[in-house]
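Novice: show me the folded form of this:
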Amino acid sequence: MRAFVAIPVPEDIRDRLAALQADLPVGRLADPETFHITLAFLGEEPVERIEAAHEALEALRAAPFAVRLDGLGTFGGRAAKTLFAAVASSEPLAALQRKVRSLLHGAGLMLDRERFRPHVTFARFRPGEGDDPALGRFLARHVAFGSAPFAVAEVVLYRSHLTAKGAVHEPLAEYPLA
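Specialist: Next up, the predicted model:
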(Lines give C-alpha, C1' and ligand atoms only; values in the text may rest on other atoms or scores of the structure.)
Protein backbone atom coordinates (compact mmCIF):
# COMPACT_ATOMS: atom_id res chain seq x y z
CA MET A 1 0.00 0.00 0.00
CA ARG A 2 1.39 3.43 -0.97
CA ALA A 3 0.94 5.92 1.88
CA PHE A 4 1.99 9.26 3.32
CA VAL A 5 1.31 11.51 6.31
CA ALA A 6 0.22 15.07 5.60
CA ILE A 7 -1.63 18.18 6.64
CA PRO A 8 -4.77 18.76 4.56
CA VAL A 9 -5.13 22.21 2.99
CA PRO A 10 -8.36 24.04 3.95
CA GLU A 11 -10.96 24.75 1.28
CA ASP A 12 -10.34 28.51 1.04
CA ILE A 13 -6.63 27.93 0.39
CA ARG A 14 -7.44 25.16 -2.12
CA ASP A 15 -9.70 27.67 -3.91
CA ARG A 16 -6.86 30.25 -4.08
CA LEU A 17 -4.49 27.65 -5.51
CA ALA A 18 -7.12 26.47 -8.01
CA ALA A 19 -7.55 30.07 -9.19
CA LEU A 20 -3.79 30.25 -9.65
CA GLN A 21 -3.86 27.01 -11.63
CA ALA A 22 -6.36 28.59 -14.05
CA ASP A 23 -3.61 31.03 -15.09
CA LEU A 24 -0.93 28.36 -15.57
CA PRO A 25 -0.14 28.02 -19.31
CA VAL A 26 1.60 24.59 -19.18
CA GLY A 27 1.64 21.46 -17.06
CA ARG A 28 -0.65 18.83 -15.65
CA LEU A 29 -2.68 20.32 -12.83
CA ALA A 30 -3.09 18.53 -9.52
CA ASP A 31 -6.65 18.04 -8.35
CA PRO A 32 -7.34 20.73 -5.71
CA GLU A 33 -9.04 18.08 -3.57
CA THR A 34 -5.60 16.44 -3.17
CA PHE A 35 -3.72 19.54 -1.98
CA HIS A 36 -1.72 18.81 1.17
CA ILE A 37 1.56 19.50 2.97
CA THR A 38 3.51 16.24 3.21
CA LEU A 39 5.15 15.51 6.55
CA ALA A 40 6.39 11.99 5.75
CA PHE A 41 6.22 9.83 2.63
CA LEU A 42 6.02 6.18 3.58
CA GLY A 43 6.09 4.87 0.03
CA GLU A 44 4.96 1.38 -0.85
CA GLU A 45 4.64 -0.64 2.37
CA PRO A 46 2.85 -3.83 3.42
CA VAL A 47 -0.49 -3.31 5.16
CA GLU A 48 1.05 -4.43 8.46
CA ARG A 49 3.55 -1.55 8.37
CA ILE A 50 0.79 0.97 7.58
CA GLU A 51 -1.16 -0.38 10.55
CA ALA A 52 1.99 0.03 12.70
CA ALA A 53 2.30 3.62 11.43
CA HIS A 54 -1.32 4.27 12.40
CA GLU A 55 -0.80 2.88 15.89
CA ALA A 56 2.33 5.02 16.33
CA LEU A 57 0.62 8.18 15.07
CA GLU A 58 -2.18 7.73 17.61
CA ALA A 59 0.42 8.87 20.17
CA LEU A 60 1.04 12.16 18.31
CA ARG A 61 0.70 15.15 20.63
CA ALA A 62 1.11 18.72 19.41
CA ALA A 63 -0.74 21.98 19.84
CA PRO A 64 -2.60 23.44 16.86
CA PHE A 65 -0.79 26.28 15.10
CA ALA A 66 -1.03 28.36 11.93
CA VAL A 67 1.00 28.38 8.72
CA ARG A 68 0.79 30.39 5.54
CA LEU A 69 1.82 30.02 1.92
CA ASP A 70 4.67 32.27 0.87
CA GLY A 71 5.79 32.24 -2.75
CA LEU A 72 6.00 29.77 -5.60
CA GLY A 73 8.81 27.46 -6.58
CA THR A 74 9.81 24.53 -8.72
CA PHE A 75 11.61 21.26 -8.17
CA GLY A 76 13.64 19.57 -10.86
CA GLY A 77 16.43 21.99 -11.73
CA ARG A 78 16.59 24.06 -14.91
CA ALA A 79 13.77 22.10 -16.53
CA ALA A 80 11.18 22.10 -13.75
CA LYS A 81 9.28 18.90 -13.01
CA THR A 82 6.99 20.22 -10.28
CA LEU A 83 5.40 23.57 -9.41
CA PHE A 84 4.52 24.29 -5.80
CA ALA A 85 3.38 26.92 -3.34
CA ALA A 86 5.96 27.19 -0.57
CA VAL A 87 4.96 27.16 3.08
CA ALA A 88 6.52 29.97 5.12
CA SER A 89 9.15 28.95 7.65
CA SER A 90 7.47 27.72 10.84
CA GLU A 91 9.11 26.17 13.87
CA PRO A 92 5.84 24.51 15.03
CA LEU A 93 5.54 22.91 11.56
CA ALA A 94 9.15 21.72 11.62
CA ALA A 95 8.67 20.33 15.13
CA LEU A 96 5.50 18.50 14.04
CA GLN A 97 7.33 16.97 11.09
CA ARG A 98 10.15 15.78 13.39
CA LYS A 99 7.61 14.24 15.81
CA VAL A 100 5.83 12.42 12.99
CA ARG A 101 9.11 11.04 11.61
CA SER A 102 10.22 9.99 15.08
CA LEU A 103 6.97 8.13 15.76
CA LEU A 104 7.17 6.39 12.39
CA HIS A 105 10.81 5.46 12.97
CA GLY A 106 9.79 4.00 16.35
CA ALA A 107 7.21 1.89 14.53
CA GLY A 108 9.94 0.41 12.32
CA LEU A 109 9.47 2.53 9.20
CA MET A 110 12.77 3.66 7.73
CA LEU A 111 12.02 6.86 5.84
CA ASP A 112 14.31 8.51 3.31
CA ARG A 113 16.40 11.29 4.83
CA GLU A 114 15.34 14.38 2.97
CA ARG A 115 15.53 18.04 3.81
CA PHE A 116 12.05 19.16 4.87
CA ARG A 117 10.79 21.74 2.37
CA PRO A 118 7.11 22.17 3.20
CA HIS A 119 5.03 22.94 0.13
CA VAL A 120 1.79 22.27 -1.71
CA THR A 121 2.32 20.73 -5.15
CA PHE A 122 -0.19 22.04 -7.67
CA ALA A 123 1.24 21.11 -11.10
CA ARG A 124 3.67 18.67 -12.73
CA PHE A 125 5.46 19.06 -16.03
CA ARG A 126 6.15 16.66 -18.84
CA PRO A 127 9.52 16.82 -20.59
CA GLY A 128 9.79 20.12 -22.45
CA GLU A 129 7.14 21.91 -20.40
CA GLY A 130 9.31 22.71 -17.38
CA ASP A 131 11.61 25.03 -19.31
CA ASP A 132 8.85 26.69 -21.37
CA PRO A 133 9.25 30.50 -21.29
CA ALA A 134 5.53 30.76 -20.51
CA LEU A 135 6.24 29.10 -17.14
CA GLY A 136 8.86 31.74 -16.39
CA ARG A 137 6.37 34.50 -17.22
CA PHE A 138 3.76 32.84 -14.98
CA LEU A 139 6.22 32.72 -12.07
CA ALA A 140 7.17 36.38 -12.63
CA ARG A 141 3.48 37.42 -12.65
CA HIS A 142 2.82 35.60 -9.39
CA VAL A 143 6.08 36.33 -7.56
CA ALA A 144 4.20 37.82 -4.60
CA PHE A 145 1.78 34.92 -4.17
CA GLY A 146 0.94 34.10 -0.58
CA SER A 147 -1.94 33.36 1.73
CA ALA A 148 -3.30 34.47 5.04
CA PRO A 149 -2.35 32.18 7.92
CA PHE A 150 -4.48 29.06 8.19
CA ALA A 151 -4.95 26.66 11.07
CA VAL A 152 -3.21 23.30 11.27
CA ALA A 153 -5.55 21.29 13.46
CA GLU A 154 -4.95 17.72 12.28
CA VAL A 155 -2.58 15.33 10.58
CA VAL A 156 -3.89 12.68 8.20
CA LEU A 157 -2.56 9.29 7.14
CA TYR A 158 -3.40 8.92 3.44
CA ARG A 159 -3.36 6.03 1.03
CA SER A 160 -2.33 7.07 -2.46
CA HIS A 161 -3.73 5.32 -5.54
CA LEU A 162 -1.84 6.08 -8.74
CA THR A 163 -4.05 6.41 -11.82
CA ALA A 164 -3.53 7.58 -15.40
CA LYS A 165 -5.11 10.92 -14.43
CA GLY A 166 -2.92 11.37 -11.35
CA ALA A 167 -2.90 10.27 -7.74
CA VAL A 168 -6.09 9.77 -5.77
CA HIS A 169 -5.67 10.24 -2.02
CA GLU A 170 -7.83 8.32 0.43
CA PRO A 171 -7.74 9.35 4.10
CA LEU A 172 -7.11 6.30 6.28
CA ALA A 173 -6.96 8.01 9.70
CA GLU A 174 -7.00 11.50 11.20
CA TYR A 175 -5.01 12.64 14.21
CA PRO A 176 -6.35 15.87 15.74
CA LEU A 177 -3.88 18.29 17.28
CA ALA A 178 -4.78 19.45 20.78
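Novice: list the buried residues in the host helix or strand of Arg101.
Specialist: For Arg101, the enclosing helix or strand under DSSP states H and E is helix 91-106. Residues Leu93, Leu96, Gln97, Lys99, Val100, Arg101, Leu103, Leu104 are the ones in helix 91-106 that count as buried (16 or more other CB atoms under 10 Å). For every residue, glycine as well, the C-beta is placed using N, CA and C.
Novice: off-centre distance for the next helix or strand after that helix?
Specialist: Sequence-wise, the next helix or strand downstream of helix 91-106 (DSSP H and E) is strand 119-124. Distance of strand 119-124 from its chain centroid, counting by CA atoms, centre = their mean, to the nearest Å, is 7 Å.
Novice: is it correct that Asp23 is in contact with Leu139?
Specialist: No. In this structure, Asp23 is not within contact of Leu139 by CB atoms under 8 Å, at 11.0 Å.
Novice: related to what we said a few turns ago, could you say what helices and strands the helix holding Arg101 packs with?
Specialist: Judged by 3 or more CB pairs under 8 Å, 6 or more residues apart in numbering; DSSP states H and E, helix 91-106 is in contact with strand 36-44, helix 47-57, strand 65-67, strand 150-152.
Novice: now do the residue of the chain most remote from its centre against Arg124, distance only.
Specialist: Distance from the C-alpha centroid of the chain peaks at Pro133, with 25.9 Å (CA atoms, centre = their mean). Using CB to CB, to the nearest Å, we find Pro133 at a distance of 18 Å from Arg124.
Novice: one more: Pro149?
Specialist: For Pro149 relative to Arg124 (CB to CB), the value is 27 Å.
Novice: what sits against Leu93?
Specialist: The contact partners of Leu93, by CB atoms under 8 Å, 6 or more residues apart in numbering, come to Ile37, Phe65, Val67, Val87, Pro118, Val152.
Novice: for the spatially most central residue of the chain, what are its contacts?
Specialist: For the chain, the residue nearest the mean C-alpha position is Ile37 (2.9 Å; CA atoms, centre = their mean). Ile37 sits next to Ala6, Ile7, Val9, Val67, Val87, Leu93, Pro118, His119, Val120 when contact means CB under 8 Å, 6+ apart.
Novice: now, which of these sits nearest Val47?
Specialist: Ala6 (19.4 Å; CB to CB).
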